[in-house]
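**Student:** Take this sequence and fold it.
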Amino acid sequence: MADHISTDHTWLCPVCSRQVPRKYDSCRCGHVRQQAAPPAQAQAGAGAPRAPGAPLLVLLAVLATLLALAWYRSAGQQAGDTRPAATPAQPAVPATGTAAADTPATPAPAGTPAAAPAGETAPSLEDLISRATPAVVRVEAGNTTGSGFFVAADTVLTNVHVIANAAWVTVRRANGTTSSARVSSTSPEIDIAVLRVASPEPAQATLPLGAVSRVRAGQEVIAMGSPLGVLQNTVTRGIVSAVRTAGGVTLVQTDAAINPGNSGGPLLNREGEVIGITTLSVPARQGLSFAVAVDHAQALLQGRRPLADVGGTPQSGLNQVMSARPGVSETDAAREQATQAYEQAVTALARRADALDDHWRRFTAACYEGRIVGAFDRDWFAMYEPRAMQGAVRPGCDYAFRDARQVADAIRAELAAIEEQARRADVLPGVRREILRRLRLDYAGWTR
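**Tutor:** Residues are numbered from 1 along each chain as shown. Have a look, this model is predicted:
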């Protein structure tokens, strides 16, 4: 009988084909036996306890998953999330603000303006003016009046040339009430003065201060003040023509109508912020007005004086800028200035000569007997011609002739001084002659 080896007690090594007793898990060749999974019935033998509620646990897990998914969808709809639910093949994209830390945010395209925060849109023009009007005041300093505006319950800004040399002024509000204000600090270099109200009102309306760095040519602006000193609460509108620097002072140029009395009032942007303090307009030039940048006022409110390179006033600095022309030498510029001064002086002298014309007509009609020979631009030039007056002064009228001669002599002496000054300043003789001819003072007898 052949030997029979029972497989109930051994296992066959697949490497070396040896029969290995089951009590050993490895063969002599080093192969380790893999244990086969026992049959389910063997695991759950008659005497083995069975795991209670396994199917119930699986069912509860499925239900919990479905409830969580339903809650997530409901929460997304309440938050306004209208994106479709993610499919298993395409995971859901996290909502903005909940992206993973390693997911970079997508930048906005270049040039895209930032969205305005809710409630930050510019007010209507009517609302802006309605809010600003209670903060704008009329400043009364003796016979001088101008405008100003509150930046704090006890603080008003205005121009230096409005308050002149006053130490105390009167501030008149839009509702007609008045308060006394002390001149706290002044800076003629930038034409800004700070006033402190003696009895401030806690509910006083004020204006916020902006910055000239955000001012752009073409943007809309509003000027408020009291033109001519009597038309309080006047509003004009225009645009920013340019932002300029004159004599170290930054000026906002605008075409908004600004008249005498507007000085010291606010120049507002469409958000209601003060960007400038109106200071001057160019006479006979429509749409050419200027406001001192509010940044200078902020520095003065903080106790800081103007920079060292600020010289003169905004008016003088602007005159210097407007008179400067490329290609004009210093000599020519000096001659032009001297010519302007000469013309102004002769014009003033011509007004005195006009008054003497009236006096001479009355004198010849009532106090002179005879005739006057010759033709002159002004009849009283006959006093300097030896044979022009062929007659005599009536008795009792000598004083009238004497007065006329004294005025004429004074005009001749002053004109001689003006001519000498113009000659030294190199005002051209032809130019001087033309000015004298136009003003009827070109007379050869001046030198007799």
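**Student:** Poorly predicted segments of the stretch 151-300 of the chain, please.
**Tutor:** 228-230, 247, 281-287 (pLDDT under 70).
**Student:** Quick one: the strands in it, in order.
**Tutor:** 155-158, 168-172, 178-187, 192-197, 220-225, 234-246, 249-254, 266-268, 274-281, 289-293 (DSSP state E, counting those that start in this stretch).
**Student:** Which positions in the fourth one come out as buried?
**Tutor:** By 16 or more other C-beta atoms under 10 Å, the buried positions in strand 192-197 come out as 192-195, 197. C-betas here are computed from N, CA, C, even on glycine.
**Student:** Setting aside sequence neighbours, what's the nearest residue to the residue positioned nearest the centre of the chain?
**Tutor:** Nearest to the mean C-alpha position of the chain, by C-alpha atoms, centre = their mean, lies residue 275 at 3.1 Å. Once flanking residues are discounted, residue 275 sits nearest to residue 210: 4.7 Å by C-beta to C-beta, 6 or more residues apart in numbering.
**Student:** same deal with residue 446?
**Tutor:** Nearest residue to residue 446 in three dimensions, chain neighbours excluded: residue 412, at 5.4 Å (C-beta to C-beta, 6+ apart).
**Student:** For my notes, confirm the one you found occurs in a helix.
**Tutor:** Yes: applying DSSP: H, G, I helix; E, B strand; the rest coil, one finds residue 412 inside a helix.
**Student:** before we move on, the earlier item: which two among the buried residues of strand 192-197 are spaced furthest apart?
**Tutor:** 192 and 197 (16.9 Å; C-beta to C-beta).
**Student:** quick revisit: let me know the closest of the buried residues of strand 192-197 to residue 127.
**Tutor:** Once C-beta to C-beta is applied, the member of those that ends up nearest residue 127 is residue 197, at 26.2 Å.
**Student:** what sits opposite the closest one in the beta ladder?
**Tutor:** residue 181 (DSSP bridges).
**Student:** Tell me if I'm right that it and residue 155 touch.
**Tutor:** Yes: using C-beta atoms under 8 Å, residue 197 is in contact with residue 155, at 7.4 Å.
**Student:** hmm, back to that, so the residue nearest to residue 275 makes contact with residue 272?
**Tutor:** No: judged on C-beta under 8 Å, residue 210 makes no contact with residue 272 at a distance of 9.1 Å.
**Student:** any idea how far residue 380 is from residue 390?
**Tutor:** 16 Å (C-beta to C-beta, to the nearest Å).
**Student:** The two: which is more packed in?
**Tutor:** Neighbours were counted for residue 380 and for residue 390 using other C-beta atoms under 10 Å; residue 380 has more, 21 against 11.
**Student:** Buried residues of whichever strand or helix holds residue 342, list them for me.
**Tutor:** Here residue 342, judged by DSSP states H and E, is contained in helix 330-367. Buried residues in helix 330-367, counted by 16+ other C-beta under 10 Å: 335, 338-339, 342-343, 345-346, 349-350, 353, 356, 360, 363-364, 367.
**Student:** Just list what that helix packs against, helices and strands only.
**Tutor:** helix 398-424, helix 429-438 (3 or more C-beta pairs under 8 Å, 6 or more residues apart in numbering; DSSP states H and E).
**Student:** hmm, 10 Å instead?
**Tutor:** Packing partners of helix 330-367 (3 or more C-beta pairs under 10 Å, 6 or more residues apart in numbering; DSSP states H and E): helix 314-323, strand 368-372, strand 389-393, helix 398-424, helix 429-438.
**Student:** surely residue 399 meets residue 359?
**Tutor:** No: taking contacts as C-beta atoms under 10 Å, residue 399 lies outside contact range of residue 359: 11.9 Å.
**Student:** rewinding a little: so the residue nearest to the centre of the chain sits against residue 251, correct?
**Tutor:** No: in this structure, residue 275 is not within contact of residue 251 by C-beta under 10 Å, at 11.3 Å.
**Student:** Mind listing the shared neighbours of the two?
**Tutor:** By C-beta atoms under 10 Å, 6 or more residues apart in numbering, residue 275 and residue 251 have these common neighbours: 212, 243, 291, 293.
**Student:** Leaving out sequence neighbours, find the closest residue to residue 442.
**Tutor:** residue 436 (3.9 Å).
**Student:** What is the distance between stretch 183-193 and the centre of its chain?
**Tutor:** Put simply, stretch 183-193 sits 19 Å off its chain's centre (C-alpha atoms, centre = their mean, to the nearest Å).
**Student:** Likewise for stretch 414-432?
**Tutor:** On the basis of C-alpha atoms, centre = their mean, stretch 414-432 sits 46 Å off its chain's mean C-alpha point.
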